[in-house]
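**Student:** Below are the sequence and a predicted model for it; my questions follow.
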Amino acid sequence: MRKILVVVERSRGALDETAFELHSAAKELGEPAVAAVLMGEDLAAPKAELVRWFDEVHVFEDPRLAQPDGDFQARLLAPFVQREQPLATLVPHTNTGMELAPMLAARVDAPLIADAVTMEVAGETAGGHVRALRMVLAGKVQARVSATGGPCGVILSVRPGAFTPLDRPPEAGGTVHSEAVPADVSPRRRFVETVTPDPSAVDISQAEVLVAVGRGIEDEENLDEVRSLAEAMGAEVACTRPVVDKKWLEKSRQVGTSGVTVKPRVYLALGISGSFQHMGGIKGGPFIAAINKDPAAPIFDVADVGVVGDILDLVPLLEEKIRERKT
Amino acid sequence: MRSSWNARWPEHPAEQSVDAKALTERELMEIIVCIKRVPDVSEIEVELARDGRSIVTRDLDYDVNEWDNFAIEAAVQLKEAQGARVTAITVGDDDSEDVLRRALAMGVDDAVHLMDPAFEGSDAWGLATILHRAIADRPRDLVLTGAISADQARGQVGGMLAAMLDIPMVALVTDLAVEGGTTTVRHEVEGGLERIEQVDLPALLTVQTGMNEPRYVSIRGIRKVAKAEIPVLTAVDLGLDPATIGTGAVRVTEEGVSLPTRGGGGQILSGSADEVIAGLVDRLQQQGGF
Ligand SMILES: Cc1cc2nc3c(=O)[nH]c(=O)nc-3n(C[C@H](O)[C@H](O)[C@H](O)COP(=O)(O)OP(=O)(O)OC[C@H]3O[C@@H](n4cnc5c(N)ncnc54)[C@H](O)[C@@H]3O)c2cc1C
Ligand SMILES: Nc1ncnc2c1ncn2[C@@H]1O[C@H](COP(=O)(O)O)[C@@H](O)[C@H]1O
C-alpha cells in the first residue's frame, strides 16, 4: 500500500504543532504507513521525537536548510516524492507551506488541495482518490473538493488547528532514513536576517482583557470610541490585520497567525469577521463576545455571546453602561 | 519592526543610487502583475445556487482582489522610483476588464485580458497554465501575484506559476527593493516573524497586504483610461491546447458547496439596543471583562 508523507515544519528550533496535527490528519486516509519528512540542521532532538510518532522518518540534514525556504524545499522534495510515489503528501498550510505546496505540485505534476480542513479517501477501493472540505469566500462557504492522484499521489496543504494531535505519541518506533539534497539542487534565495521586533512596542500578549477591533470600524477617527471603551473596561486595544494595513494601529496590536498570540480571559471582538488567521492568534479558550452587523459572520460560530448590530452605534452605548455599572 | 529594515534600505527607493539601466540587459525592468476580480461577501448573506455547486452572484459587488491591489501599487511605485514597464494580466470574463482599467488608472502601462470560453471553470492549475503561456515568452524581471485570492483562498496560482516558469519565488512579501538585477525582500515567516532575503531576477513574489498604501482610484482616473486599448488573448492566440485548461481539465474537482453548519457558537442576544447592551454588560461582568 502506498504511504502518506507528512512534511514536518519547525518553528523557532522546535517541532511545530502542525507535525502532530498532520499525523492525525494522515490517519483519516486509512491505514497506510505514515512517513515524516524533516528538513533542517541540528536535527537530533526533533528526529528522536518524530520516531515516536511516525512509521518512517526521512531526514534531510543540511546547513542550507537551517532557514525555511519553500522554493528550495519544493525543488529538493520533488525527486524524493517521485521516488516514494505516496498516496498523498500532507504539507501544513503555513507561510512556508504556501511556498512549498504549489511549487511541489507543479513540479511533480500532482493535484493540490489547498487549506483542507477534513480529508478522506473516497470509494471502497482505497486508490488515489481523495476528498476534502475547504473554506471559501471568507469562511462563509464550505466547498467539497476531490482529486485523483497520479504516480505522485495527491498533495494536500492542511489548515493548522484543523486536526487534533493525539495526547501522547503512539510509540511508533519509526525507522530513520537519511536523505541527501540532490547535487543539482541548491538554494536560489539568500538569507539576510530575521527582522527583530521593536522591543519598545506595546505588548498585548499578557493582557487579561482585550477589546479588539476589525475593518468594521470603517474610519480611523472611530477608533477613539474603541479606545475609550477599552479604558472604561481596563482593557488593551487589539485589532485585525486590515486595521494595521491601513496604519490605524500599530502592528504590535495585531492578533493572529502573522501577528501576536494572545491568551486573555475575555476577548471582545468589534466589527471582526472571524477569519481563521485572526482566530489562530487567540489561545487559551477565552470568553469571546462579538458585535457584528452581519448575522452570518463566522465570528458568531466561535463567540460565547453575540450581538448583531452596528458598532458605531453600540460601542458608545456599551461604554456608557459599563461606566454606570462600575459606579 | 521597521527599524532594522530602514537602516538598510531608505524609505524611498528613489534615494538609492540605483542605475535603472544597469538592472538588466534590457532598457527597462519589466514587471508583470497578475490580478483577479473577486466578489465582496463580507456583509452579505451568501445564498447557494440551485445546482448546489455555486453561489448566487447577482447583487454581489466585485472589485480587484485586495492582495493584488497591493501588488499593483508595489509595481507602480517601483516604476516611479527607478523606471519599469508594468503589465497587468487577468484571466477572466468580460466583466474582468474593470480590474484591468482600474490598474491602468493606478499607473500600469499595459493591460492584457486573457479571455476564452475554454478558460471557464479552470482550477488553480489551469489558471497558472494560462498565465504561464501568456508570460513565458514576454520579457519579465519581476512577476507579482497576490498571496491569496479572497474568494478561492487557495494561495496556489503564484507558486504554480513560478514552478512552471522555473523562476524562484518568495511568498508573503511585505517590502521590496530592486537593485542591479537582485531583489531584496522582506516577507512573513512563521511565528509572526519576518525575514529579509535576496533573490536574483527574474523572480516571482506573492504580495501580502499592508505592503504599501494603494493609491485611490477616482472615477475621473478611470475615465481617463476608458479608451485605452486592452488586447484580448484567447486559447488559440496563446497556442494553448483547450484540453489542458477549463472545466474539463481540472485536477481538483469542486463537487459542491454548502453553508457551514451554524449554531456552534453561543447565544445571540435579541431585543432593543438598550436590552442587548445590558445583556452584554452582564455577561462581560460575569466573566471578569471589567
Ligand atoms: C497569510 C495570511 C496571514 C494573515 N494573518 C492575519 C493576522 O495575523 N491577523 C488578522 O487579523 N488577519 C490576518 N490575515 C487576514 C485575514 O485573512 C482576514 O482578511 C482578516 O482577519 C479580516 O479582518 P476583519 O475581520 O477586520 O475584516 P473583514 O473580514 O472585512 O470583516 C469586517 C467585519 O466587520 C463587519 N462590519 C462592518 N461594518 C460594521 C459595523 N459598522 N458594525 C458592526 N460590524 C461591522 C462586517 O460584517 C464584517 O464581518 C491573514 C491573511 C493571510 C493570507
Ligand atoms: N484569474 C486570475 N487571473 C490572474 N491572476 C490570478 C487569477 N487567479 C488568481 N490569480 C493570481 O494568483 C493569486 C493567488 O490566487 P489563488 O491561488 O486563487 O489564491 C491572486 O492573488 C492573483 O494574483
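**Tutor:** Noted; the coordinates are in hand. Ligands and ions are numbered 1, 2, ... in the order given.
**Student:** Okay, and the beta partners of the residue in the stretch 101-250 of chain B that ligand 2 sits nearest to?
**Tutor:** Closest approach between the stretch 101-250 of chain B and ligand 2, counting by Cβ to the nearest ligand atom: B:Gly146, at 2.3 Å. To be clear about C-beta, it is placed using only N, CA and C from the backbone, and glycine gets the same treatment. B:Gly146 has the following beta-bridge partners by DSSP bridges: B:Val207.
**Student:** got the buried residues for stretch B:187-201?
**Tutor:** B:187-190, B:192-199, B:201 (16 or more other Cβ atoms under 10 Å in any protein chain shown).
**Student:** And stretch A:224-243, by the same measure?
**Tutor:** Neighbour-count burial for stretch A:224-243, counted by 16+ other Cβ under 10 Å, picks out A:225-226, A:229-230, A:232-233, A:235-243.
**Student:** before we move on, back to that, dump the residue contacts of the residue of the stretch 101-250 of chain B closest to ligand 2.
**Tutor:** B:Gly146 makes contact with B:34-36, B:65-68, B:70-71, B:158, B:206-207, according to Cβ atoms under 8 Å, 6 or more residues apart in numbering or on different chains.
**Student:** hey, where'd the helices end up in the stretch 51-200 of chain A?
**Tutor:** A:70-84, A:97-108 (DSSP state H, counting those that start in this stretch).
**Student:** actually the stretch 151-290 of chain B, sorry about that
**Tutor:** B:157-165, B:219-224, B:235-238, B:273-286.
**Student:** So the helix or strand containing A:Val37, near chain B or not?
**Tutor:** If you go by DSSP states H and E, A:Val37 is part of strand A:34-40. No: Strand A:34-40 lies out of reach of chain B by Cβ under 8 Å from any Cβ of the partner chain, never closer than 12.9 Å.
**Student:** Setting aside sequence-adjacent positions, which residue approaches the residue of chain A found nearest chain B most closely?
**Tutor:** Residue of chain A nearest chain B, by Cβ to the nearest Cβ: A:Pro102 (2.8 Å). What sits nearest to A:Pro102 in space, not counting adjacent residues and going by Cβ to Cβ, 6 or more residues apart in numbering or on different chains, is B:Gly159, at 2.8 Å.
**Student:** can you pull the contacts of the residue in the stretch 1-150 of chain A that ligand 1 sits nearest to?
**Tutor:** Closest to ligand 1 within the stretch 1-150 of chain A is A:Ala138: 5.7 Å, counting by Cβ to the nearest ligand atom. Counting by Cβ under 8 Å, 6+ apart, A:Ala138 touches A:273, A:275, A:298, B:41-42, B:150, B:153.
**Student:** Could you list the low-confidence segments of the chain?
**Tutor:** Let's take chain A. Judged by pLDDT under 70, chain A has its weakly predicted residues at A:123-127.
**Student:** I was after chain B.
**Tutor:** Using pLDDT under 70, the flagged stretches of chain B are B:1-26, B:262-263.
**Student:** what about the longest strand in it?
**Tutor:** Longest strand in chain B, counting residues (DSSP state E): strand B:169-179.
**Student:** what's in contact with the strand holding A:Val37?
**Tutor:** Against strand A:34-40 from outside (Cβ under 8 Å, 6+ apart): A:3-8, A:10, A:19, A:23, A:26-27, A:46-47, A:50, A:53-62, A:65-66, A:73, A:76-77, A:80, A:84, A:86, A:174.
**Student:** run the last query once more with 6 Å
**Tutor:** A:3-8, A:10, A:26, A:50, A:54-60, A:65 (Cβ atoms under 6 Å, 6 or more residues apart in numbering or on different chains).
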